[in-house]
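> What follows is a predicted structure for the sequence shown.
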Amino acid sequence: MAEETSRKREYREAQSAFDRLRVDEKAIFLVEATLSTVARGIEEVGSALADELETLFQQEHDPSHAHEAEQGSSDAEATDSEPDTTDDADSSESETTEEDDARA
């Protein structure tokens, strides 16, 4: 509870200090604070991306994970190689219709 009171006091002090600034100083402060926040966010995203890439590369070089990746790839290929009869039926109907239109 003492920590909450301390944070509230710090917030009020920061707010009071901000209120005492001139308008141009407030604008500069807000721009700096915004850019600082964006920069921290970019750093965090970059760090998370680097961690994910590192994990991906480790899996690529780890033989126990390579088998899992190959299995996933085989499953995807099997799905892609299955014939899609609905597209063939639709395209043959449209060809027939175009031929009929040309004859008419």
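Okay, I see it.

> neighbours around residue 35, how many?
Other residues near residue 35 come to 10 when the count uses other C-beta atoms under 10 Å. From N, CA and C alone the C-beta is placed, and that goes for glycine too.

> And it, what's its pLDDT?
At residue 35, the pLDDT value in this model is 98.

> Please report phi then psi for residue 22.
Residue 22 adopts backbone torsions of phi -70, psi 160, taken as degrees, to the nearest 10.

> check contacts around it.
For residue 22, the contact set (C-beta atoms under 8 Å, 6 or more residues apart in numbering) is empty.

> so where's the protein uncertain?
63-104 (pLDDT under 70).

> if you set the cut-off to 90 instead, what comes out?
1-4, 58-104 (pLDDT under 90).

> for it, what spans make up the helices?
2-20, 23-61, 63-81, 85-103 (DSSP state H).

> And the first one, what's buried?
For helix 2-20, the buried set under the neighbour-count rule, 16 or more other C-beta atoms under 10 Å, is empty.

> Check which helices and strands it sits against.
Contact partners of helix 2-20 among helices and strands, from 3 or more C-beta pairs under 8 Å, 6 or more residues apart in numbering; DSSP states H and E: none.

> Restrict it to CA atoms and write it as PDB.
This file holds the C-alpha atoms of helix 2-20, laid out as PDB (Å, rounded to 0.1, in the frame of the first residue of the first chain):
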ATOM      1  CA  ALA A   2       2.900   2.300   0.700                       C
ATOM      2  CA  GLU A   3       4.200   1.600  -2.800                       C
ATOM      3  CA  GLU A   4       0.800   2.600  -4.300                       C
ATOM      4  CA  THR A   5       0.800   5.900  -2.300                       C
ATOM      5  CA  SER A   6       4.400   6.500  -3.500                       C
ATOM      6  CA  ARG A   7       3.400   6.000  -7.200                       C
ATOM      7  CA  LYS A   8       0.400   8.300  -6.800                       C
ATOM      8  CA  ARG A   9       2.600  11.000  -5.300                       C
ATOM      9  CA  GLU A  10       5.200  10.600  -8.100                       C
ATOM     10  CA  TYR A  11       2.500  10.800 -10.700                       C
ATOM     11  CA  ARG A  12       1.100  14.000  -9.100                       C
ATOM     12  CA  GLU A  13       4.600  15.500  -9.000                       C
ATOM     13  CA  ALA A  14       5.200  14.600 -12.600                       C
ATOM     14  CA  GLN A  15       1.900  16.000 -13.600                       C
ATOM     15  CA  SER A  16       2.500  19.200 -11.700                       C
ATOM     16  CA  ALA A  17       6.000  19.600 -13.300                       C
ATOM     17  CA  PHE A  18       4.400  19.100 -16.700                       C
ATOM     18  CA  ASP A  19       1.800  21.700 -16.000                       C
ATOM     19  CA  ARG A  20       4.500  24.300 -15.100                       C
END
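
> Alright, I will stop here.
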